[in-house]
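>>> Structure of the sequence below:
(one chain, ligands or ions: 1)
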Amino acid sequence: MSVRATELELAEPYLRQVLASAGLDVGYEAADGDILYRLDENNQRVPVLDLVGGFGSLILGHNHPEIISYAKELLDSHVPVHAQFSRHPYANELAAELNKVIGREFHTDEPYYAVFANSGAEAIEIAIKHAEFDRFVKLSELSGDIAAHIETARAQLRGGHAVVDPGAYAAAGIVAPADQEAGFEELVAEVNRRNGELLARPPLFLAPEGSFHGKLAGSVQLTHNPSVRVPFKSLAAQARFIPAGDPGAIRKTIAQEQNAALLDLTLEGRTVTVTERQFPVFAAFFLEPIQGEGGINLITQEFAEEVRHVSEEFGFPVVVDEIQSGMGRSGAFFAASHIGLRGDYFTLAKSLGGGIAKISVTLIRASRYRRDFEIVHSSTFAKDGFSTNIALKTLGLLEAADGRAYRLAAERGSRLKAMLEAVQADFPDVVKDVRGRGLMLGVEFHDQSESASEPIRETARAGFFGFTLSGYLLRAHHVRAFPTGSAINTLRLEPSIGLTDDQIDQVEEAFRAACTLLREQDGQRLTQG
Ligand code: F0G
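Next up is the predicted model:
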């Protein structure tokens, strides 16, 4: 007998089973601030301190009261959620407000145009597409120039006003023929063939190792972790990944790939020669100022400066992905502002929706913006009346009282970090590193794959250690903190600016207890307790 769909769990049941193996398949029924509520066996609400924070979407916490009441107001007023192909005053206002922040943090008055979308990966896809559109337009112009030069050379040659430079044949890699005109046409055919081959090549992107920019067909190519990227690598243009701590490696990587030039036939006086035109191999450099999913790694100022230098030298844009690090989490609206890294593009998502709306945006500086992109790209839900209004409200709350939210993120973050460093100082055998900035922190644990305790050793060898630790913190201490797929030994902490001292104490108690179990190699209590 066949199984009926209604009898099956169908919403990613395997993922739930994986979570269940660490006791993480909990259902929550409500959320407020930094608390998620679950029900116990007696149907009583149990508060869980949530440090996962919607993977960084909750800088203002769950269900912030002012955002909730504003959302109700919007719905009661019958806000036009969908009015595609009309004026979008809210989106425009939001873009203007975001521009004020860019101007303040990067000391510029150059405008940034906003292209809205619905998720982080989508904002990245827009950046990928816009960068490639820009490269395409430049290449089309270049091809047009070359075609015009060839026409001019042909006309001059036929009129007997020019000759082909004998060296031109060698430069194009062909044998010089006897007849000038036939020779010229052979040269043209070879130039067109070589250029055609090059023009058909997909672009390359650059990104530091450890990068995470999403999991859609294009954006996943910029996500370093091979286990999620490689199965899909045939789907779109590829990236070259650069060791994040090694600014010197940027130029080396570029040099390895920047090995081809377009050929042009130009007139030097009365001589037709072959000249080389730089072929833009790279479409863009993507980077997160603070890598999130990669395990909380800060990009250095030195690395950022080198990225800016090469981008100017080779003409490709720098895309600063602030999807996780932005919206104040680092103690400034843009984490890149701490290292003076002004993006040609910025991407925002996650907390932009105030914890309830799904919205993202790609901001592109005017000097690099191709307005025709607005005609060739679109999305049904993007720029809708609900999400743009909620984002505007969220931005207003962050900017209020002269940026009190940013100061809070810095202050709460350093307090949390100081506590974690104290734990590390007491358990250096267990905690390997504490890093991050503001409310974007990571606690890295020492590798346990040689643990004396079998359950600990097994989970470490299965690449599941961080989740086992998460399960313990949740069961025994009602604290929710996860590692990431790319940094399994690092727990990521991204609470809201509302995190209290008592909550920090709760985290401390939980982490100290976990560290004690690990020091004692008490696998039994860690996996079941
Ligand atoms: N860029 C960054 C820096 C991100 O952290 C993420 C998602 C994305 C892009 C993609 O956004 O999920 O809305 O499509 N990061 C999550 C994480 C998944 O765990 O860090 P999305």
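
>>> So which residues of the stretch 251-400 of the chain form strands?
Using DSSP state E, counting those that start in this stretch, the strands found in the stretch 251-400 of the chain span residues 261-268, 271-278, 282-287, 290-291, 297-298, 318-321, 345-348, 360-365.

>>> who wins for proximity to the ligand among the ones you listed?
For the ligand, the closest of these is strand 318-321, at 4.6 Å, according to Cβ to the nearest ligand atom. In this view, the C-beta of every residue, glycine as well, is placed from N, C-alpha and C.

>>> quick one: the closest one near the ligand?
Yes: with Cβ under 6 Å from any ligand atom as the criterion, the ligand is reached by strand 318-321 at Asp321.

>>> and that strand, C-alpha only, in CSV?
Output of strand 318-321 as CSV, limited to C-alpha atoms (Å, rounded to 0.1, in the frame of the first residue of the first chain):
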residue,chain,number,x,y,z
VAL,A,318,34.3,45.8,-5.0
VAL,A,319,31.1,44.3,-3.6
VAL,A,320,31.0,44.7,0.2
ASP,A,321,28.5,42.1,1.5
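
>>> What strands flank it, and is each parallel or antiparallel?
strand 282-287 (parallel), strand 345-348 (parallel) (DSSP bridges).

>>> Out of these, which is the most enclosed?
Most buried of those, by mean neighbour count (mean count of other Cβ atoms under 10 Å): strand 345-348, with a mean of 28.

>>> Phe386 - how many residues pack around it?
The tally of other residues near Phe386 (other Cβ atoms under 10 Å) stands at 21.

>>> How about the contacts made by the closest residue to it other than its chain neighbours?
Leaving aside its chain neighbours, Phe386 sits nearest to Val81 (4.7 Å; criterion: Cβ to Cβ, 6 or more residues apart in numbering). Val81 makes contact with Asp384, Gly385, Phe386, according to Cβ atoms under 8 Å, 6 or more residues apart in numbering.

>>> re the thing from before, would you list the strands paired with strand 318-321 in a markdown table and tack on mean pLDDT and distance to the ligand?
Below are these laid out as a markdown table (pLDDT from 0 to 100; distance: least, Cβ to the nearest ligand atom, whole Å):
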| stretch | mean pLDDT | distance to the ligand |
| --- | --- | --- |
| strand 282-287 | 98 | 9 |
| strand 345-348 | 99 | 7 |
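
>>> how about these, which one is nearest Phe445?
strand 282-287 (26.2 Å; Cβ to Cβ).

>>> Compute the number of surrounding residues for Ala182.
10.

>>> Just to be sure, it is in a helix?
Yes: Ala182 sits within a helix when classified using DSSP: H, G, I helix; E, B strand; the rest coil.

>>> Distance-wise, check the closest residue to the ligand within the chain relative to Glu105.
The ligand sits closest to Gly120 of the chain, with a gap of 2.1 Å, by Cβ to the nearest ligand atom. Gly120 sits 20 Å away from Glu105, going by Cβ to Cβ, to the nearest Å.

>>> What is the lowest-mean-pLDDT helix or strand in the chain packed up against?
Within the chain, no helix or strand scores below helix 166-172, which has a mean of 88 by mean pLDDT, DSSP states H and E. Under the contact criterion of 3 or more Cβ pairs under 8 Å, 6 or more residues apart in numbering; DSSP states H and E, helix 166-172 touches helix 180-199, strand 261-268, strand 271-278.

>>> so who does the residue nearest the centre of the chain touch?
With distances taken as Cα atoms, centre = their mean, His213 lies nearest the centre of the chain, 3.2 Å away. Contacts for His213 were tallied using Cβ under 8 Å, 6+ apart; they are Gly120, Ala121, Ile124, Ala207, Ser219, Leu222, Thr223, Phe286, Glu288, Asp321, Ile323.

>>> shaky segments in the protein?
Along the chain, the parts satisfying pLDDT under 70 run over 1.

>>> quick one: buried residues of the helix or strand containing Ala513?
Counting by DSSP states H and E, the element that carries Ala513 is helix 501-519. Buried residues in helix 501-519, counting neighbours by 16 or more other Cβ atoms under 10 Å, are found at Gln503, Ile504, Gln506, Val507, Ala510, Phe511, Arg512, Ala513, Ala514, Cys515, Leu517, Leu518.

>>> Bridged to Asn297, which residues?
Gln291.

>>> quick one: contacts for it?
If a contact means Cβ under 8 Å, 6+ apart, then Asn297 has Gly210, Ala244, Ile290, Gln291, Arg435 as its contacts.

>>> C-alpha coordinates for stretch 493-512, CSV please?
Output in CSV follows, covering the C-alpha atoms of stretch 493-512 (Å, rounded to 0.1, in the frame of the first residue of the first chain):
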residue,chain,number,x,y,z
LEU,A,493,26.7,34.5,18.9
GLU,A,494,24.6,37.2,17.4
PRO,A,495,22.1,38.4,20.0
SER,A,496,20.2,41.7,19.8
ILE,A,497,21.1,45.1,21.2
GLY,A,498,18.6,44.3,24.0
LEU,A,499,20.8,41.6,25.5
THR,A,500,20.8,42.1,29.3
ASP,A,501,23.5,41.6,31.9
ASP,A,502,21.5,38.7,33.4
GLN,A,503,21.4,37.0,30.1
ILE,A,504,25.1,37.4,29.7
ASP,A,505,25.4,35.7,33.1
GLN,A,506,23.2,32.9,31.9
VAL,A,507,25.5,32.4,28.8
GLU,A,508,28.5,32.4,31.1
GLU,A,509,27.0,29.8,33.4
ALA,A,510,26.2,27.6,30.3
PHE,A,511,29.6,28.0,28.7
ARG,A,512,31.5,27.3,31.9
